[in-house]
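**Q** quick one, structure for this:
(one chain, ligands or ions: 1)
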Amino acid sequence: MSNYHIKHLEEYYQVYRKSVSEPENFWEEIAEEHFMWRKKWDKVLSWDFSKPEIKWFEGAKLNITENCIDRHLATRGQKTAIIFEPNDPKEAAEHITYNHLHKRVNQFANVLKSQGVKKGDRVCVYLPMIPELAISVLACARIGAIHSVVFAGFSATALSTRINDSDCKIVITSDGSYRGAKTIDLKGIVDEALESCEGVASVLVVKRIHSDIHMESGRDHWLQPLLDGASTACDPEIMDAEDPLFILYTSGSTGKPKGMVHTTAGYMVYTAYTFKNVFQYKENDVYWCTADIGWITGHSYIVYGPLANGATTVMFEGVPSYPDFGRFWEVVEKHKVTQFYTAPTAIRALAKQGMGFVEKYDLTSLKVLGSVGEPINEGAWHWYNDNIGKKKSPIVDTWWQTETGGIMITPIPFVTPTKPTYATLPFIGIQPTLMDENGKEITGNQVEGRLCIIFPWPSMARTIWGNHQRYKDTYFSAYENKYFTGDGALRDEVGYYRITGRVDDVIIVSGHNLGTATIEDAVNEHPAVAESAIVGFPHDIKGNALYGYVILKDTGESRDQNNLRKEINQIITEHIGPIAKLDKIQFTSGLPKTRSGKIMRRILRKIAHKDTSNLGDTSTLLNPEVLKDIMENVP
Ligand code: 6R9
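**A** Okay, here's the model as predicted:
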């Protein structure tokens, strides 16, 4: 029996039992046999959820890029590590071997060093899905700098907030990006962001779209000439197991994004191990995850997990709809993709286009299909299973979070029998539980509650950058000695989990986490707005869309509501990005509030869901009269 590669259900249960009854021994064996260490650990695990403090493999020394690149060179040097598929299908794909990757990462690492970047410094990466994105991330890890990748769809304000929060000293960007038929002026966004970032001394610019951009002298440098002059050798910085590897921001219930901090050894071990099993990865497979490296899915399952296994991972620059809705399937055929991992929102959008775009392509290479980012509805699950997987490629509905670093609840393909809309069973080493609203654990099956995890796993985030108290308050204070996920879930009669969605003020739109508070802050910036409340409502393709209730300032003059709607969405685009635009905006005279002044979102949500037959308890409302006004004026 191999604990590293699980091949049938009995083995899963056996390994699972071991992983929870003797977790230290279990993870020690995995770490020992499958990774390269400069020095082994003194202690496998120490933890205290009340502080909270979690340490895995303390005392160990390693560099994650040695595990993701160097150790493969002897046997897989000529093997393709990354296939880059450009936005435009007419542009040739690029195959980067492990040998090449090694050289390019080292050169980039040397460029970073020449710019004064040292171990522990924060580096902001704001790039489209081009090879330099993966390479810059690995180059940071090579020299022990902490990368903070900001998704290149975020606005200048969102970018500057993130740069300043973690004091990045350097930004890596490009002259622009391709997105379907459009180009985006990324460098212009960086320039605007840097007007409010004093700590950034240099900007490295990748040439991608060859546009004529402003280069600030003394600050901005074209990357290529620097790379050309850099050595292809760079000794890896030897890191402690618990040294931070990266910061990645995620939305929270209050306005400011949370910089989740992931550390080195545990993250490496868990992402590699989950990748191997959840995708049943075999040596000559071609694995494709359609996420952007700007999100955790891209960090763990485009870069680190696949490369730690010596896999071939596809990086796709484009969008599913360009040049037409067959693009994903064309890429599957072209590169003979074996594992395909995407989000329900993409599946729904493609399903809507009909089978014409699917039937044109040969999808017989596919073995495993994955889903991530939001609950997958039954219709999308079946469409994916019937038409893409042809009922022979199991769907792994993988539940996890930026905070968890790796996949937590998931079927193992060909091992766990799947069930539509269910993420099924906890992965090896993961101990979930359901809690009720009064803090009591819900035992037994066929129950529903709030999803918590009762024991540490290697890839959990260790803190929020610069705000450990917020880490504790957000994740470890709702239930004593438990990590609270923010999600609701039900457990069926055989113990399978189904994630029902967020139970806090985070809304998942097209698989992206958006905090209502951040959007409200943006809306309130409009000079005519007095107050606002944002809730989610169901949407065919996006899963959820955003509904804004807006109170206007009483200025005595009348204003064109459609113009106001446009202006409000424009402000949201500037502050956060187009993904946070409101689908519906209702102007109202008031918002339902409790006596303590809290907006009763539960009621606003029901109205947005057009479910007004029973609004629940409204007796604690300070101003019940506003409900009538709101319900009568639903747009
Ligand atoms: C990996 C990722 C995390 C939130 C999470 C949950 C939702 C993710 C899901 C899912 C149902 C799944 N979520 N996967 N809900 N089924 N398979 O998406 O991380 O961006 O931090 O989002 O996404 O609500 O709490 P992140």
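**Q** and the contacts of the lengthiest helix in the chain?
**A** What stands out as the longest helix in the chain, according to DSSP state H, is helix 98-114. Contact with helix 98-114 is made by 65, 69-70, 72-73, 76-79, 81-82, 96, 123, 131-132, 135-136, 138-140, 142-143, 145, 170, 204, 223, 226-227, 230-234, 310, as judged by Cβ atoms under 8 Å, 6 or more residues apart in numbering. Backbone N, C-alpha and C define where each C-beta goes, glycine included.
**Q** ok, Ile293 to the ligand distance?
**A** Distance, Ile293 to the ligand, by Cβ to the nearest ligand atom, to the nearest Å: 13 Å.
**Q** how about the nearest residue to that residue, chain neighbours excluded?
**A** Excluding the flanking residues, the one nearest Ile293 by Cβ to Cβ, 6 or more residues apart in numbering is Leu133, at 5.1 Å.
**Q** also Thr410?
**A** In this structure, Thr410 finds its nearest non-sequential neighbour in Thr398, 4.2 Å apart by Cβ to Cβ, 6+ apart.
**Q** right, and Thr402 touches Ala461 too?
**A** Yes: using Cβ atoms under 8 Å, Thr402 is in contact with Ala461, at 7.4 Å.
**Q** shared neighbours of these two, anything?
**A** Here Thr402 and Ala461 share the contacting residues Met260, scored by Cβ under 8 Å, 6+ apart.
**Q** so for those two, which sits in the more crowded spot?
**A** Of the pair Thr402 and Ala461, Ala461 is the one with more neighbours under other Cβ atoms under 10 Å, namely 26 against 19.
**Q** excluding chain neighbours, give the residue nearest to the more buried one in space.
**A** Distance criterion Cβ to Cβ, 6+ apart; nearest residue to Ala461, sequence neighbours excluded, is Met260 at 4.2 Å.
**Q** before we move on, what about Leu245?
**A** Counting by Cβ to Cβ, 6+ apart, the nearest residue to Leu245 once its immediate chain neighbours are dropped is Thr264, at 4.7 Å.
**Q** need phi/psi at the one you found.
**A** Dihedral pair for Thr264: phi -80, psi -60, per degrees, to the nearest 10.
**Q** for it, give me its contacts.
**A** Going by Cβ under 8 Å, 6+ apart, Thr264 touches 62, 64, 239-245.
**Q** first-to-last residue distance for stretch 599-614?
**A** End-to-end distance for stretch 599-614, by Cα to Cα, to the nearest Å: 18 Å.
**Q** now do stretch 259-269
**A** Stretch 259-269 has an end-to-end distance of 22 Å (Cα to Cα).
**Q** tell me the mean pLDDT for that stretch?
**A** Across stretch 259-269, pLDDT averages out at 98.
**Q** from here on, call the first residue 549.
**A** All set: I'll call the first residue 549, so the last point we hit is now stretch 807-817.
**Q** and the helix or strand hosting Arg565, what does it pack onto?
**A** Per DSSP states H and E: Arg565 is located in helix 557-569. On a contact count with 3 or more Cβ pairs under 8 Å, 6 or more residues apart in numbering; DSSP states H and E, helix 557-569 meets helix 571-582.
**Q** which is the next helix or strand following the helix it packs on?
**A** Sequence order places strand 591-596 as the next helix or strand after helix 571-582, per DSSP H and E.
**Q** what strands line up against that next one, and which way round?
**A** Sheet pairing here is set by DSSP bridges, and for strand 591-596 it gives strand 601-606 (antiparallel).
**Q** contact partners of the strand it pairs with?
**A** 575, 579, 589-596, 789-790, 811, 813-814, 817, 1004, 1006, 1008, 1010.
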